[in-house]
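Chemist: build me a model from this:
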Amino acid sequence: MGISSDNVRGFVLALSSSFFIGSSFIVKKIGLKRAGMYGVRAGSGGFSYLYEPLWWAGMVTMIVGEVANFAAYAFAPAILVTPLGALSIIVSAVLAHFVLDEKLHIFGVLGCILCVVGSTSIVLHAPKEKSIESVKEIWSLATEPGFIVYSCVVVVIVIALIIHFAPRYGQTHMVVYVGICSLMGSLTVMCVKAVSIALKLTFSGMNQFVFAQTWFFTIVVVVCCLLQLNYLNKVIKALDTFNTAVISPVYYVMFTSLTIFASMIMFKDWASQNASQIITELCGFVTILSGTFLLHKTKDMGDHVTTETRRLSETELSNH
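Modeler: Residues are numbered from 1 along each chain as shown. The predicted model follows:
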């Protein structure tokens, strides 16, 4: 099956999104380092980075990347766009190697290659985007029994995690916060796709914001994003407790798997594909996951070596 023009547009937007987001981490880190030279470091509770232009340049770059990712969902199915988010890790790893002198070891190189191979496999076998002429068509898909059941199950699980499990086990079991973000993220992506398609149709001359359904999807996006930001912040803080090499791949696989599953139910992405194409896409996803794990494992090893080197240097200095 050939690659449709819409899939190509979605792929290019998702690719550019990964480049902008990946590079934004490097720009912000340079800004943080510069700010730390003349003020209290951000890691120590300082806010001097807010006066550093490079940090703001990194923020703008990240926003541009998120906008490109948002636009990608208007052209390509979630099964193509969402897994490509892993490419931002490659961009940041490669740039860190050359710009920040954070060495990319052999396993990191292998991880990059695996991510590229997996992404290529998914792009070449991704289903074509359905032709949608109105946001009412998306509303019809969203109100089918299958997706309503999925949404209700997600909401019930998230409420249970927030009310019962988060206060008791949030600090000791990373799956609680990661689960909340991943479950809500799958619904967010479906609504983001609806809003992005509505915007695309509106720009083409068919105003979709006269329909109440468009505003409903927009409100859900805002509410879900605010909830995710709150618990995503808790996930970031949990990095002090849990191994980054474990928590990042776990978050990636949970979020991506649930998003693909939600898209499969709502948009029936795999309805037009045969078993061979579906299996190839799944293998591509597993390949990306393997590459992501290796990249984060390499980073964790690098951080450990840096810490040990610093400790040994301090010991030698104290001996002298």
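Chemist: make it CA atoms for all contacts and neighbour counts henceforth
Modeler: Noted.
Chemist: where do the helices sit along the protein?
Modeler: 5-38, 53-72, 78-81, 87-99, 106-125, 135-142, 145-160, 166-169, 174-203, 212-237, 244-266, 275-319 (DSSP state H).
Chemist: okay, the ones you listed in JSON lines with mean pLDDT next?
Modeler: Below are the helices of the chain laid out as JSON lines (pLDDT from 0 to 100):
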{"stretch": "helix 5-38", "mean pLDDT": "86"}
{"stretch": "helix 53-72", "mean pLDDT": "89"}
{"stretch": "helix 78-81", "mean pLDDT": "88"}
{"stretch": "helix 87-99", "mean pLDDT": "83"}
{"stretch": "helix 106-125", "mean pLDDT": "86"}
{"stretch": "helix 135-142", "mean pLDDT": "94"}
{"stretch": "helix 145-160", "mean pLDDT": "95"}
{"stretch": "helix 166-169", "mean pLDDT": "87"}
{"stretch": "helix 174-203", "mean pLDDT": "91"}
{"stretch": "helix 212-237", "mean pLDDT": "86"}
{"stretch": "helix 244-266", "mean pLDDT": "80"}
{"stretch": "helix 275-319", "mean pLDDT": "67"}
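Chemist: how close does the most centrally placed residue in the chain get to residue 231?
Modeler: The centroid of the chain falls nearest to residue 85 when counting by CA atoms, centre = their mean (5.2 Å). Distance from residue 85 to residue 231, counting by CA to CA, to the nearest Å: 20 Å.
Chemist: got a list of what the residue nearest to the centre of the chain touches?
Modeler: If you count contacts by CA atoms under 8 Å, 6 or more residues apart in numbering, residue 85 has them with 14, 17, 18.
Chemist: out of these, which is nearest to residue 144?
Modeler: Residue 144 has its nearest neighbour among the contacts of residue 85 in residue 14, at 28.4 Å by CA to CA.
Chemist: what number of residues lie near the nearest residue in space to the closest one that is not next to it in sequence?
Modeler: Nearest non-adjacent residue to residue 14, counting by CA to CA, 6 or more residues apart in numbering: residue 69, 5.3 Å away. Residues lying near residue 69 (other CA atoms under 10 Å) number 25.
Chemist: list the residues that contact residue 69.
Modeler: So residue 69 contacts 13, 14, 17, 81 (CA under 8 Å, 6+ apart).
Chemist: repeat that for residue 269.
Modeler: Going by CA under 8 Å, 6+ apart, residue 269 touches 77, 79, 127, 128, 129, 263.
Chemist: mind picking the two most distant members of those?
Modeler: Largest separation among the contacts of residue 269 by CA to CA: 128 and 263, giving 13.1 Å.
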